[in-house]
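> From the sequence below, what's the structure:
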Amino acid sequence: MNPVTKHLGRVVDLGHPWRGVGPFIFVVHHRDTYPKGEANLGPDPSLLKGRNIGMDMSNDLGTGWNMYHGKTVPGFPAHPHRGFETVSVCMEGYVDHADSTGAGARYGAGDTQWVTTGRGVSHSEMFPLVHKDKGNTFELYQVWLNLPSAKKLSPPEFWMLWKEKTPIVRRENNYGVATVRVMAGKFDNVEPAPPPVNSYAADPESDVAIWLIEMEPRSSIKLPACNLDTTQRLLYVHQPGAVVDISGTAVSDNNGFLQEAPKERLTITNGPKPARILVLQGVDIGEPVAQHGPFVMNTQKELEEGFAEYRRTQFGGWPWPSDQPIYPATDPRFAKHGDGKTELPEGRDAIAKPFVYTKA
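Numbering: from 1, shown residues only. Sure thing, here's the model as predicted:
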């Protein structure tokens with residue numbers, strides 16, 4: 001008699017943007033194969049012809065890259081957020097960050113930036129094409145994580161988890177290697193740095209985890225069980241042609257596996273092509289969600305109050321001379337916080353002066 005297979009979850013469509021789970025609102029995954037950069041760290045202006053500049057979002061020209069809301073440099077010029085968190089993992093290329101607190105950063109090549117927007121912050125996220133002699137591949141995951149009502153009006157802050165400090169779990173079998181990049185939540189006995197102090201992930205009862213798994217062909221890995229019966233977990237399978245087996249269920253590229261037995265461990269075995277799996281888990285906050293664009297509150301009234309405050313105060317104003325500032329191509333990865341503290345991945349002091357491109 002064959003043993004009875006436990007029902008551990010089901011395949012779900014991820015949609016676009018990718019659907020959220022538990023306290024997570026949604027995920028966007030950007031992958032752009034940008035050309036070489038010009039002096040202004042944007043593409044050759046001739047390559048912008050025919051694009052819907054300011055709203056170039058869908059690779060309509062089939063070039064493999066978008067300008068998004070950027071005019072000369074790809075990215076997202078200054079825009080407000082309130083009431084939630086963004087966790088941005090930049091795997092390739094760079095993000096130039098600037099915000100209304102006066103803070104700025106350049107991160108990439110495996111770094112993670114965690115922004116608790118709290119009572120409100122405006123920021124820009126530009127994607128400078130720093131390489132002038134070759135293409136500029138860019139890849140970014142941005143996860144939106146909700147905040148409970150008690151933290152929605154907390155002071156805004158951002159926190160860096162540099163690539164050099166990001167824990168990597170490695171599992172190897174006879175066929176290949178699987179690695180796990182641990183941004184939040186303990187993976188077996190491996191813990192990342194603590195999240196921002198006002199983050200929902202700072203609450204031990206949230207059981208929040210954010211892991212990015214990279215799997216060579218035929219490799220395998222076993223995930224820890226969730227810590228709580230109420231934890232919700234979704235595995236986002238992607239990479240062209242990827243097919244993985246998750247505890248007996250086949251899941252292909254751009255599909256998810258919604259775990260329905262949170263206290264069980266899942267075994268993931270990859271097929272013949274490389275695969276990536278983003279894992280998000282957490283306990284649902286259990287409060288009403290009212291969202292309009294980049295504001296996430298509990299009620300419609302709170303949304304209206306938030307937009308009114310933004311119109312009145314601009315969340316502290318915009319201290320930069322452009323709504324899409326970038327830094328010189330030669331600047332290192334760095335972070336300068338609103339309190340004036342500066343940091344580099346190596347721990348040395350950083351001084352970075354914003355460079356603003358103005359079209360001649």
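> First-to-last residue distance for stretch 180-193?
15 Å (C-alpha to C-alpha, to the nearest Å).
> Distance from it to the middle of the chain?
16 Å (C-alpha atoms, centre = their mean, to the nearest Å).
> Quick one: residues in contact with that stretch.
87, 89, 110, 112, 161, 165-171, 195, 201, 207-214, 221, 223-224, 281 (C-beta atoms under 8 Å, 6 or more residues apart in numbering). (Each C-beta comes from the backbone N, C-alpha and C, glycine too.)
> One more: stretch 66-75?
30, 32, 34, 40-43, 45, 48, 51, 53-59, 65, 76-77, 79, 95-96, 124-129, 138, 324, 326, 357, 359.
> Tyr34: what's it in contact with?
Tyr34 touches Pro43, Trp65, Pro74, Gly93, Phe127, Leu129, Gly135, Asn136, Thr137, Phe138, counting by C-beta under 8 Å, 6+ apart.
> now stretch 183-203: mean pLDDT?
Computed over stretch 183-203, the mean pLDDT rounds to 96.
> how about it: buried residues?
Across stretch 183-203, burial judged by 16 or more other C-beta atoms under 10 Å covers 183-185, 187, 192-193, 195-196, 198-201, 203.
> Where do the helices of this structure begin and end?
Residue ranges of the helices in the chain, as given by DSSP state H, are 300-313.
> Show me the shaky parts of it.
The chain contains residues with pLDDT under 70 at 1-5, 347-360.
> and the residue nearest to Glu343 when sequence neighbours are not counted, what does it touch?
Computed as C-beta to C-beta, 6 or more residues apart in numbering, the closest residue to Glu343 that is not its neighbour in sequence is Ala335, at 5.0 Å. The contact partners of Ala335, taken as C-beta under 8 Å, 6+ apart, are Ala103, Gly104, Ala105, Tyr107, Phe158, Met160, Thr342, Glu343, Leu344, Ala350.
> rerun at 7 Å
Applying C-beta atoms under 7 Å, 6 or more residues apart in numbering, we find Ala335 in contact with Ala105, Met160, Thr342, Glu343.
> Leu41 is in contact with Lys132, correct?
No. With contact defined as C-beta atoms under 7 Å, Lys132 does not count as touching Leu41 (8.8 Å).
> Please say which of these two ends up with more neighbours.
Leu41 (25 against 12; other C-beta atoms under 10 Å).
> Next, work out how far apart the more buried one and Thr101 are.
Distance, Leu41 to Thr101, by C-beta to C-beta, to the nearest Å: 24 Å.
> do Val177 as well
According to C-beta to C-beta, Val177 and Thr101 sit 41 Å apart.
> Between the two, tell me which one has more neighbours.
In this view Val177 and Thr101 are compared by other C-beta under 10 Å, and Thr101 has more residues nearby, 20 against 13.
> Count the residues that sit near the nearest residue to the more buried one once chain neighbours are set aside.
Of all residues not flanking Thr101 in the chain, Gly338 sits nearest, at 3.4 Å (C-beta to C-beta, 6+ apart). Look at Gly338: counted by other C-beta under 10 Å, it has 17 neighbours.
> cool, and Asp60?
Counted with other C-beta under 10 Å, Asp60 comes out at 11.
> Not including adjacent chain positions, what is the nearest residue to it?
Here the residue nearest Asp60, using C-beta to C-beta, 6+ apart, is Asn52, at 7.3 Å.
> Keep only those of the buried residues of stretch 183-203 that are in strands.
Met183, Ala184 (DSSP state E).
> Could you work out the end-to-end span of stretch 102-116 for me?
Termini of stretch 102-116 sit 15 Å apart (C-alpha to C-alpha).
> In it, which of the residues would be classed as buried?
Buried residues in stretch 102-116 (16+ other C-beta under 10 Å): 102-108, 110-116.
> Off-centre distance for that stretch?
That offset, for stretch 102-116, works out to 10 Å (C-alpha atoms, centre = their mean).
> Mind listing residues that contact it?
85-91, 93-98, 154, 156-163, 166, 183, 195-196, 198-199, 319, 327, 331, 333-338, 352, 354.
> Pull out the buried residues from those.
Burial by neighbour count, 16+ other C-beta under 10 Å: within the contacts of stretch 102-116 this picks out 85-91, 93-98, 154, 156-163, 166, 183, 195-196, 198-199, 327, 331, 333-338, 352, 354.
> What distance do you get for Phe76 to Met126?
Distance from Phe76 to Met126, by C-beta to C-beta: 7 Å.
> And stretch 304-322, what's buried?
Applying 16+ other C-beta under 10 Å to stretch 304-322 flags Gly306, Tyr310, Phe315, Trp318, Trp320, Ser322 as buried.
> which residues touch the spatially closest residue to the third one that is not a sequence neighbour?
It stands for Phe315. Spatial nearest neighbour of Phe315, excluding adjacent residues (C-beta to C-beta, 6+ apart): Gly120 at 4.0 Å. Contact analysis of Gly120 by C-beta under 7 Å, 6+ apart lists Pro80, Arg82, Pro156, Gly306, Glu309, Tyr310, Phe315.
> All set, thanks.
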